[in-house]
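1. compute the structure for the input listed below.
(one chain, ligands or ions: 2)
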Amino acid sequence: PQLINQIAAGEVVERPSSVVKELLENSLDAGANRIHIEVEQGGVRRIRIRDDGCGIPRHELALALSRHATSKITSLEDLERVASLGFRGEALPSIASVSRLTLTSAVAGEGSGWRLRGDGGDRFDDPEPAPHPVGTTIDVKDLFFNVPARRKFLRTERTEYGHLEEVVRRIGLSRFDVTLDLSHNGKSTLRLPAASSQAERDHRVAQVCGQAFIGQSVFIEQAAAGLRLEGWMGLPTFSRSQADLQYFYVNGRMVRDKVVSHAVRQAYQDVLYHGRHAAFVLYLTLDPVLVDVNAHPAKHEVRFRESRMVHDFLFSSLHRALAELRP
Ligand code: ADP
Ligand code: MG
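-> Ligands and ions are numbered 1, 2, ... in the order given. Now for the predicted structure:
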């Protein structure tokens, strides 16, 4: 089973940012309101995530770290089939198999908390008592310490940290109601208090995308035929040199999609100056039956049932907003 965990980890855990993504999604699933993320050396040395979610009861700690009992892999031929099944229920065991992981958790009414330690193996001692408020802390140290081949593919601390912070930004823009705190090597790098008013939301977008973006963007809201688009559109005068600042969420999930980017590009085309890129943080909401956001969660793919209609709605909404803005 340990080998299987490590093989699964090859798919789930590519680098420190993938660990952060999986752990943050688990914290959100657990209903957390506040999440603290502390990382050292780009996350390679350590990733510690603390949440105030529902916690894991003592008797389920070991279960959370073990593969779901459906594994039927007995031969190499099975591997391809497994790869196509996806990895639901495999994130924690995968991460545990390629790091030194400690899981500490407490649920309401259990008194104290409990802790389970793993050392890259798939055997765990009995949980030991450990004081912890209701919620969960997962401490992942020395990522890939036992998989030299994967360690080789890690980039510089700066690059790994960059990927990791981007994961936190994306989640920060998808859950304004959750407080997120990120620190790197003991220094606070991103503080995102829960935001509900428009001013607080503006503030969060400024924290994530920069004051320059928020200063040169407008907030738009458009709705038609069951589709709703809202968010911040960078004015054509805004240019961000380094990376693209393009965040698009469909029903709360960040996506990168051809239909969306085409509509956006078309809408911006008239007003964009040469060499400048569209910058935006936009949220599309539509009836869940009209879209499959789980097509390829890892690849941020999405499938619209009525892609023509979505395209035209996006194009006309954005074009109208931009046209009104043009001096
Ligand atoms: P999945 O999220 O697909 O169920 P994971 O391997 O990511 O699989 O997590 C295994 C299980 O551990 C989850 O189903 C959940 O019950 C529990 N778990 C993991 N992280 C947390 C957390 N932060 N708070 C509460 N429960 C958690
Ligand atoms: Mg999970």
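2. wait, residue 17 touches residue 166, no?
-> Yes. Contact criterion Cβ atoms under 8 Å: residue 17 and residue 166 qualify, at 7.0 Å. Every C-beta, even on glycine, is put in place using the N, C-alpha and C of the backbone.
3. more crowded one of those two?
-> residue 17 (22 against 15; other Cβ atoms under 10 Å).
4. how far away is the more buried one from ligand 2?
-> Look at residue 17 and ligand 2: by Cβ to the ion, to the nearest Å, they are 15 Å apart.
5. now that residue, nearest residue through space, not along the chain?
-> residue 163 (3.8 Å; Cβ to Cβ, 6 or more residues apart in numbering).
6. quickly find the element holding that neighbour.
-> Residue 163 is part of helix 157-174 when elements are defined by DSSP states H and E.
7. any residue of that helix up close to ligand 1?
-> No. Applying Cβ under 6 Å from any ligand atom, one finds helix 157-174 separated from ligand 1 by no less than 13.6 Å.
8. next structured bit after the least confident helix or strand in the chain by mean pLDDT?
-> Every helix and strand of the chain was ranked by mean pLDDT, DSSP states H and E. The lowest is helix 78-85, at a mean of 39. Downstream of helix 78-85, the first helix or strand assigned by DSSP H and E is helix 91-97.
9. go ahead and name everything in contact with that following helix.
-> 2, 5-6, 8-9, 11-13, 19, 22-23, 26, 64-67, 87, 101, 103, 118, 120-122, 138, 140 (Cβ atoms under 8 Å, 6 or more residues apart in numbering).
10. so which of those reach ligand 2?
-> Counting by Cβ under 5 Å from the ion, residue 26 from these sit close to ligand 2.
11. whichever of the contacts of helix 91-97 end up buried, select them in PyMOL.
-> Buried members of the contacts of helix 91-97, defined by 16 or more other Cβ atoms under 10 Å, are picked up in PyMOL with:
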select buried, resi 5+6+8+9+12+13+19+22+23+26+64+65+66+67+87+101+103+118+120+122+138+140
